[in-house]
Structures are given as C-alpha cells and as structure tokens.
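*Asks:* here is my input, please return the structure:
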Amino acid sequence: MFTLALTLALAAAAPVQAADPLAPAREGRLQCHSPDTARKTCAALAGYTFASDGTILNQSEVMVNPSPLIVMRDSEPVYIRDGAVCGRVGGFEDTVFLINGHPTEAATANMLRQRVVAAFDGFGTEVCTTYVTEGDALRAEVAVDGQRRTELDQSLIWISPADGYSVRP
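*Replies:* Numbers count the residues shown, from 1 in each chain. Below you'll find the predicted structure:
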C-alpha cells in the first residue's frame with residue numbers, strides 16, 4: 001500500500017509533458033476556425049508544415065470581408081510553448097489577398113495590407129493559442145502577450161483537405 005501511495009505521489013509531482021497541439025496537422029489535417037459543418041465553410045483555414053530543423057510554418061487563409069469576399073493568405077513561423085501554438089504578430093509583407101477568389105492587383109493588395117497592419121497596430125507582439133476540447137469540437141483560447149483575450153476565442157475542428165471545406169461566409 002505504501003509503495004502505491006509513493007508511486008502516485010511521485011507521479012503527481014513529476015512534470016507532465018503536454019500533448020502535441022499540432023499532432024493532427026502532422027497527419028496532414030487542417031484547422032477550420034468557426035466552422036459551419038452543414039455548408040462546409042470556415043472563417044479561417046490553417047495548415048502547418050514541419051521542417052527537419054524543427055521550424056513550423058502556419059499557412060493560413062482568413063476571411064477579411066464577407067461581401068465582396070476578401071480572403072487573406074499568409075505563411076508565418078510558429079512555435080510550441082507550454083502546450084500552446086505561438087507566433088509573432090506582424091510580417092504581412094508577403095500576404096496575398098483574393099477578392100471573390102481572384103488575386104488582387106498590386107495597388108489593391110498594398111491598400112489591404114496597410115489596413116491589416118493598421119488593424120494590428122498596438123495589438124501586441126505575441127499570440128499564443130491553446131486548444132481546449134468541447135464535446136466533438138475544440139475551442140481555440142487566445143492569449144496576447146501572456147494575457148487571455150476571451151473575445152478572440154473561436155471554435156474549430158480538424159478536417160482533411162479532401163473534406164471540401166473553404167473560407168467563405
């Protein structure tokens with residue numbers, strides 16, 4: 001009995017290794033943020049690539065405006081810290097914008113990029129997202145510079161690229 005109690009006490013005191021929050025992405029799945037499963041739509045889609053040197057890139061498509069449909073495509077490095085997926089705010093230089101599925105002209109892209117940069121001015125420098133299970137779905141809980149920002153939380157599901165989801169209203 002003493003051995004069992006000691007084992008349980010030591011196990012409770014030992015640091016617990018957090019599960020890999022991007023394990024489904026390592027299998028090729030995508031995150032669908034704010035999903036509408038009936039219409040197979042997402043407010044944002046996020047995929048990840050994993051380099052042999054440990055670098056993780058997040059490729060995202062985010063709906064900026066529903067009508068006309070403006071989608072922002074970007075790829076930025078992220079890292080895992082304490083079970084959360086974190087990244088730096090900024091780096092919109094290579095962001096691509098689509099309007100109703102078509103790439104924008106350079107002048108329009110620059111105008112949209114300036115608006116995105118202005119929207120994030122003063123937002124913070126680091127965003128970390130933790131995924132919390134809610135039934136069959138997940139909730140992405142957001143912290144900016146270490147402070148929880150519940151107004152930024154979103155529901156999400158992991159999907160296969162073959163499932164036919166797209167970013168649209």
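
*Asks:* next structured bit after the longest helix seen in the chain?
*Replies:* If you go by DSSP state H, the chain has its longest helix at helix 106-120. Downstream of helix 106-120, the first helix or strand assigned by DSSP states H and E is strand 126-134.

*Asks:* the longest helix of the chain packs against which elements?
*Replies:* Counting contacts by 3 or more C-beta pairs under 8 Å, 6 or more residues apart in numbering; DSSP states H and E, helix 106-120 packs against strand 69-81, strand 96-99. The way it works is simple: take the backbone N, C-alpha and C, and place the C-beta from them, glycine included.

*Asks:* and that helix, how far out from the chain middle?
*Replies:* Distance of helix 106-120 from the chain centroid (C-alpha atoms, centre = their mean, to the nearest Å) equals 21 Å.

*Asks:* export the helices and strands packed on helix 106-120 to CSV and tack on mean neighbour count and distance to E134?
*Replies:* Listed next are the helices and strands packed on helix 106-120 as CSV, based on neighbours: other C-beta atoms under 10 Å; distance: least, C-beta to C-beta, whole Å:
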stretch, mean neighbour count, distance to E134
strand 69-81, 16, 21
strand 96-99, 18, 31
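
*Asks:* picking that back up, can you tell me what sits against the longest helix of the chain?
*Replies:* For helix 106-120, the external contacting residues (C-beta atoms under 8 Å, 6 or more residues apart in numbering) are 64, 70, 72, 89-90, 92-93, 95-97, 99, 103-104.

*Asks:* quick revisit: now distance to P161 and mean pLDDT too, for the helices and strands packed on helix 106-120, in CSV please.
*Replies:* Shown next, in CSV, are these (distance: least, C-beta to C-beta, whole Å; pLDDT from 0 to 100):
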stretch, distance to P161, mean pLDDT
strand 69-81, 15, 97
strand 96-99, 18, 98
